[in-house]
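*Asks:* I'd like to go over a predicted model; first the sequence, then the structure.
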Amino acid sequence: MPNSSMKSSLQSLAASFAEAVLDAIKGASLQELLAESGGARRGPGRPPRSNASTPSAPRAARGGRLKRRSAEDIAAALEQVVALVKKHKGGYRAEQIRKTLKMQAKEMPRVLSEGLATHKLKKRGQKRATTYTAA
């Protein structure tokens, strides 16, 4: 019998603890809950983010918006692209042009579309298989 009284005592303590935890959660704001949990959503199997290191800092330095380019800047970049593709009869893919001229991927669409609009460039193919040649 002493075993059953200890069991019922533990059950009542566990129930009161669970009830107190639920009351505390219900009374807390969303910001408090996120602050206590680290604020980050994690998928299964992913370790929690450390507060000591900030992985977003290098991304901000690399990424972000490009500085505003003038029409002259775009024309100069287009002339570089035209000069490059003139050297290669088979044409170049946008990725190859970007690597050769050391441009960012974000710079390419405007330059290539300007070249196509002014008929300085021709394109053949679709998606990643598109090759650009001088017109």
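*Replies:* Alright, I've got the coordinates.
*Asks:* where does this structure have low pLDDT?
*Replies:* Within the chain, the stretches with pLDDT under 70 are 1-2, 38-63.
*Asks:* Would you map the helices across it?
*Replies:* All helices of the chain, identified by DSSP state H, fall at 2-27, 30-37, 56-62, 71-86, 94-101, 108-117.
*Asks:* and of those, who's closest to residue 128?
*Replies:* Among the helices of the chain, helix 94-101 comes nearest to residue 128, with 7.4 Å by C-beta to C-beta. For glycine as for every other residue, the C-beta is placed from the backbone atoms N, C-alpha and C.
*Asks:* Need the helices of the chain in CSV (columns: distance to residue 129).
*Replies:* Shown next, in CSV, are these (distance: least, C-beta to C-beta, whole Å):
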stretch, distance to residue 129
helix 2-27, 55
helix 30-37, 46
helix 56-62, 28
helix 71-86, 16
helix 94-101, 11
helix 108-117, 15
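*Asks:* right, and those - which one's nearest residue 130?
*Replies:* Taking these one by one with C-beta to C-beta, helix 94-101 is closest: 6.8 Å.
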